[in-house]
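Student: need a structure here:
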Amino acid sequence: ASPEPIYLGNNGTATRFLTSVAALGNAVFTIDGDTRMHERPIGPLIKALRGWGVDIRSVSDTDCPPLQINSHGIYGGQTILPEGKSSQYLSSLLLVAPYATHPALLQVEGEVYSKPYVAMTLAVMADFGIRVECTQDFKSFSIPQGRYQGRTYQIEGDASNASYFWAAAAITGGCVTVSNVPVLSLQGDIGLVPLLARMGCEVTQSGNGISVSRHDRLEGITVDMGNMPDVVPTLAVVAAFAHGKTVISNIAHLRVKECDRLHAVVTELGKMGAQVEELSDSMIIHGDGGENLRGTVIETYKDHRMAMSFAVAGLRVPGVYISGERCVAKSFPDFWERFALLS
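Tutor: Numbers count the residues shown, from 1 in each chain. So this is what the prediction gives:
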């Protein structure tokens, strides 16, 4: 048994993935987090695991953590994943399904968000010996029973964290190369690079990495970022330095991140003097080339991506102070040391 709750702070990824892993055990597990984590929904994953015979409940009956799992393994068979705001529910289920006691079938209702991450999950599973059959729209999956096979595996650099350095090149008119992020990466956030190209940046392949530079002015664009939500703050900050209107749509799922990231980005850009509109599932940035932006204290809302995105703005605008800057430790512990190398 797990005598103490497994405390995961505000780590949504770990909470979603470890919930399914814990279901494979033979004990009672409690998975808990901080106050914000108690507000972040996990109901679709609970319902899907119950369909596979898992005894799991939301302790507060809110479909949010803390969760209690009375684990006796996963039975398998067919289950349904209701529509949710995260592809991680789906990845979590896929990764544990080979260890079910019966072959597992999974049906997905509604829209599948962040599809590149589902494709990446399937590719990694295949690399370790489990080949999943699925429909092209990622709505139906047949997962064979099996065991992952150990191997030597090359891990790419993190495209999400690389985004801040490419954005730095876009905003300052410099050139930044990030190595070990291949052009043909399966990571969804690699999609930021062609968006920067649309805005006026030059993109080149540099060995096993990607270089971004800018010589002409940035122009606003209209883009659906449903498949790359984690780099929305990055693009939004760049858009504040562009000329003209940038529309970022299909991003309602940002509201259940480490903070209500859609509202937070709009609020903090507004504090800097940017003209930004917030809609239920989109934002509109009216860029003026950054001419009217001013320094201010940026609230991070304990969200690592807020801190790193707005740090980039400080490369062009004097007097930008990041409050709670240590929150970057969640995904990029040495971010500030690396960021200092840009000077």
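
Student: what's the straight distance from one end of stretch 143-152 to the other?
Tutor: End-to-end distance for stretch 143-152: 23 Å, by C-alpha to C-alpha, to the nearest Å.

Student: same deal with stretch 163-179?
Tutor: First residue to last in stretch 163-179 (C-alpha to C-alpha) measures 12 Å.

Student: again with stretch 19-29
Tutor: 9 Å.

Student: List of residues touching that stretch?
Tutor: 1-2, 6, 31, 42, 45, 49, 52, 54, 56, 67-74, 92-93, 95-96, 99 (C-beta atoms under 8 Å, 6 or more residues apart in numbering). C-beta: built from backbone N, CA, C; applies to glycine.

Student: So for it, what gets flagged as buried?
Tutor: For stretch 19-29, a neighbour-count test (16 or more other C-beta atoms under 10 Å) marks 19-23, 29 as buried.

Student: picking up where we left off before, where strands are concerned, which of the contacts of stretch 19-29 count?
Tutor: Taking DSSP state E, the ones among those that sit in strands are 6, 31, 56, 67-70.

Student: Confirm that Ser60 sits in a helix.
Tutor: No - applying DSSP: H, G, I helix; E, B strand; the rest coil, one finds Ser60 to be coil, outside a helix.

Student: contacting residues for it?
Tutor: So Ser60 contacts 38, 66 (C-beta under 8 Å, 6+ apart).

Student: so where does Lys85 fall, helix or strand?
Tutor: In the assignment (DSSP states H and E), Lys85 maps to no helix and no strand.

Student: number of nearby residues for the nearest residue to Pro82 once chain neighbours are set aside?
Tutor: Closest residue in space to Pro82, ignoring its immediate chain neighbours: Pro44 at 4.5 Å, by C-beta to C-beta, 6 or more residues apart in numbering. For Pro44, the neighbour count with other C-beta atoms under 10 Å is 23.

Student: And the one 5 residues further on, by the same measure?
Tutor: A total of 26 residues lie near Leu49 under the criterion other C-beta under 10 Å.

Student: Buried ones among the ones in strands among the contacts of stretch 19-29?
Tutor: The neighbour count (16+ other C-beta under 10 Å) marks 6, 31, 56, 67-69 as buried among the ones in strands among the contacts of stretch 19-29.

Student: what are the ranges of the strands in the stretch 201-343 of the chain?
Tutor: 201-206, 209-214, 222-224, 243-249, 275-278, 283-288, 297-299, 321-323 (DSSP state E, counting those that start in this stretch).

Student: Dump these into a markdown table; add mean neighbour count as well.
Tutor: As requested, the strands of the stretch 201-343 of the chain are arranged in a markdown table below (neighbours: other C-beta atoms under 10 Å):
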| stretch | mean neighbour count |
| --- | --- |
| strand 201-206 | 15 |
| strand 209-214 | 21 |
| strand 222-224 | 15 |
| strand 243-249 | 19 |
| strand 275-278 | 15 |
| strand 283-288 | 20 |
| strand 297-299 | 18 |
| strand 321-323 | 15 |
